[in-house]
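Asks: After the sequence you'll find the predicted model.
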Amino acid sequence: KICFHGLRGGEVFQSLGHFFRYNHNLAEIVLENCELGADGCRLLRLAIDGCKGNSLKCFKIENDYRINTFFGGGNQSFFGGEQLVDIIMSLIMHPQLKKLRLNRNIMGRNECMALENLLR
């Protein structure tokens, strides 16, 4: 299990590339209250893509942080849109995944379609 809490940016995923690629016992990835941004989400997706073992059974993104959106002043989580779609799509290569938790993330039409593909 690897857990990231309060992470800002995603450079750590690039640094841990070999860990993700060669750890055939990695069963769970957890991100709690992380603010990755577009580049960090891309690096996370690449790290998930790099997991070559068939051990990943659980993936969680749990956010309590909120930011104000530029338009309308509402609240928005740090994961949503194409960032979340790319992360979900990278999980398709892990058919042994049994648990997916996406607390407090924006789930629009594209995200739901990505989840549908994952569940097939």
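Replies: Yep, it's here.
Asks: Confirm Arg101 sits in a strand?
Replies: Yes: counting by DSSP: H, G, I helix; E, B strand; the rest coil, Arg101 falls inside a strand.
Asks: what's the longest helix in the protein?
Replies: helix 37-50 (DSSP state H).
Asks: Run through who's touching that helix.
Replies: Residues outside helix 37-50 that contact it (CB atoms under 8 Å, 6 or more residues apart in numbering): 7, 9-11, 13-14, 16-17, 20-21, 29, 31, 34, 36, 56, 59, 78-79, 83-84, 86-87, 89-91, 93-94. (Each C-beta comes from the backbone N, C-alpha and C, glycine too.)
Asks: what do you get if the cut-off is 7 Å, keeping everything else the same?
Replies: 9-11, 13-14, 16-17, 20-21, 36, 83, 86-87, 90-91, 93 (CB atoms under 7 Å, 6 or more residues apart in numbering).
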